[in-house]
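A.B. asks: Any chance you could fold what I've pasted below:
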Amino acid sequence: MPLVNAPMGGVAGGRLAAAVTAAGGLGMIGMGSAGSVAALERELPHIRGLDGPFGIGLVDWVVAREPRLLEVAIEARPALISVSFGADLDWAARVADAGIVPATQVYSGQDARRAQDAGIGVLVARGVEGGGHGAVNAPLLPLLDEVLAVATVPVLAAGGIGAPRDLAAVLRAGASGAWLGTCLAACSESLLSDAGRRALLDARGTDTVLTRAYDVGMELPWPVRFPARVLRTGFTDRWTGREEELAMDPVAKHALTAALAANDPAVAPIDAGSRVDLVTSVEPAARVLERLWSGATGSVAG
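C.D. replies: From the prediction side, this is the model:
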């Protein structure tokens, strides 16, 4: 089953990774903005003794801040390590030299060529529909065509894959598999809070917004190129498009910090892709994967 859970920070911990691998996919532990050696070491025990491969996903600027994070990831001996959201791809050779497949997200054919030249072994073509951080580029299917036209390594499709027909479409287009985020975020094994799960279950497809407001408000060094698709909140309504003003407003940033510390569900950022309306219940990851895979492969075969 060529299905991989996206290494969503604060969501994709060791339990979710283990569940995805046990179901026949490739489970990924995600180290997002808050990633650290300590955080990774907390999650790794969940996949020890796992009968199957797993992966670890990292953020470029987080690794730059804490270089040992990549070392610890390599020492864990995963099958795959992804590092995304940066221009420097020198890490790929180090990962490959350790016998681990390096992967990264790409947003154009040019990105794909550059990644391959750096020794990346798996490309993740991430369309603008995807939840969380990503470039504001093309919708998934046109992007997938562009990447597949130049790819000489496996390509996983990411962004807006929430139903069997979505998975069938990317497999028909030539993707080797799918990188799944939002559809697994509310699963019983994820790290998402109960309030976060409720927010996903209540959301409609029109309830997401692309914004840099949280990154600016929390003073996170995300590149401007990569805003985040999150559920709309009062905070995003107020500050999306006014990020420069927010950056100069210490009172507003302090208020955001306080609200996040209190885990205020009306303010907390919840990553969500465009097909969030298809997330309607909390269920085991295995059930979600089986429904997607059986429905998609039946459709492709038919």
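A.B. asks: quick one, domains of this protein?
C.D. replies: 3-191+281-299, 198-271 (the TED database).
A.B. asks: which residues touch stretch 248-256?
C.D. replies: Residues from elsewhere that reach stretch 248-256, judged by C-beta atoms under 8 Å, 6 or more residues apart in numbering: 214, 217, 218, 219, 235, 239, 246, 267. From N, CA and C alone the C-beta is placed, and that goes for glycine too.
A.B. asks: Just the element for the residue nearest to the last one when sequence neighbours are not counted, please.
C.D. replies: Looking back up the chat, that one is residue 267. Sequence neighbours aside, residue 259 is the residue nearest to residue 267 in space, at 4.0 Å (criterion: C-beta to C-beta, 6 or more residues apart in numbering). For residue 259, the element it lies in under DSSP states H and E is helix 250-261.
A.B. asks: for that helix, the distance to its chain's centre please.
C.D. replies: 25 Å (C-alpha atoms, centre = their mean, to the nearest Å).
A.B. asks: again with stretch 187-207
C.D. replies: With C-alpha atoms, centre = their mean as the basis, stretch 187-207 stands 15 Å off its chain's centre.
A.B. asks: Only the C-alpha atoms, please, for that stretch, written as PDB.
C.D. replies: Provided in PDB are the C-alpha atoms of stretch 187-207 (Å, rounded to 0.1, in the frame of the first residue of the first chain):
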ATOM      1  CA  CYS A 187      -7.400   9.700  13.700                       C
ATOM      2  CA  SER A 188      -7.400   8.200  17.200                       C
ATOM      3  CA  GLU A 189      -3.600   7.700  17.100                       C
ATOM      4  CA  SER A 190      -2.700  11.300  16.300                       C
ATOM      5  CA  LEU A 191      -1.200  13.800  18.700                       C
ATOM      6  CA  LEU A 192      -3.900  16.400  17.900                       C
ATOM      7  CA  SER A 193      -5.800  17.700  20.900                       C
ATOM      8  CA  ASP A 194      -9.500  16.900  21.400                       C
ATOM      9  CA  ALA A 195     -10.300  20.500  20.600                       C
ATOM     10  CA  GLY A 196      -8.300  20.200  17.400                       C
ATOM     11  CA  ARG A 197     -10.200  17.100  16.400                       C
ATOM     12  CA  ARG A 198     -13.500  18.700  17.000                       C
ATOM     13  CA  ALA A 199     -12.500  21.700  14.900                       C
ATOM     14  CA  LEU A 200     -11.600  19.400  12.000                       C
ATOM     15  CA  LEU A 201     -14.800  17.500  12.300                       C
ATOM     16  CA  ASP A 202     -16.900  20.700  12.300                       C
ATOM     17  CA  ALA A 203     -15.100  22.300   9.400                       C
ATOM     18  CA  ARG A 204     -16.300  22.800   5.900                       C
ATOM     19  CA  GLY A 205     -14.200  22.800   2.800                       C
ATOM     20  CA  THR A 206     -14.500  26.600   2.600                       C
ATOM     21  CA  ASP A 207     -13.200  27.000   6.200                       C
END
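A.B. asks: which residues of the stretch 1-150 of the chain fall in strands?
C.D. replies: Applying DSSP state E, counting those that start in this stretch to the stretch 1-150 of the chain gives strands spanning 3-5, 27-31, 54-59, 80-84, 101-106, 122-126, 132-133.
A.B. asks: So what are the sheet partners of the fourth one and their directions?
C.D. replies: Within its sheet, and counting by DSSP bridges, strand 80-84 is paired with strand 54-59 (parallel), strand 101-106 (parallel).
A.B. asks: now the last one against strand 122-126, angle please.
C.D. replies: Going back to what we said before, that points to strand 101-106. Going by axes from the mean of the first three to the mean of the last three C-alpha atoms, to 10 degrees, strand 101-106 is angled at 20 degrees with respect to strand 122-126.
A.B. asks: hmm, back to that, winner for burial among the domains of the chain?
C.D. replies: Most buried of the domains of the chain by mean neighbour count (mean count of other C-beta atoms under 10 Å) is domain 3-191+281-299; its value is a mean of 20.
A.B. asks: returning to what we had before: for the contacts of stretch 248-256, work out which two are farthest apart.
C.D. replies: Farthest-apart pair in those is 219 and 267; separation 16.1 Å (C-beta to C-beta).
A.B. asks: List the contacts of residue 229.
C.D. replies: Contact analysis of residue 229 by C-beta under 8 Å, 6+ apart lists 128-132, 134, 208-210, 271-274.
A.B. asks: tell me which of those residues is nearest to residue 202?
C.D. replies: Among those, residue 272 lies closest to residue 202 (C-beta to C-beta), at 11.0 Å.
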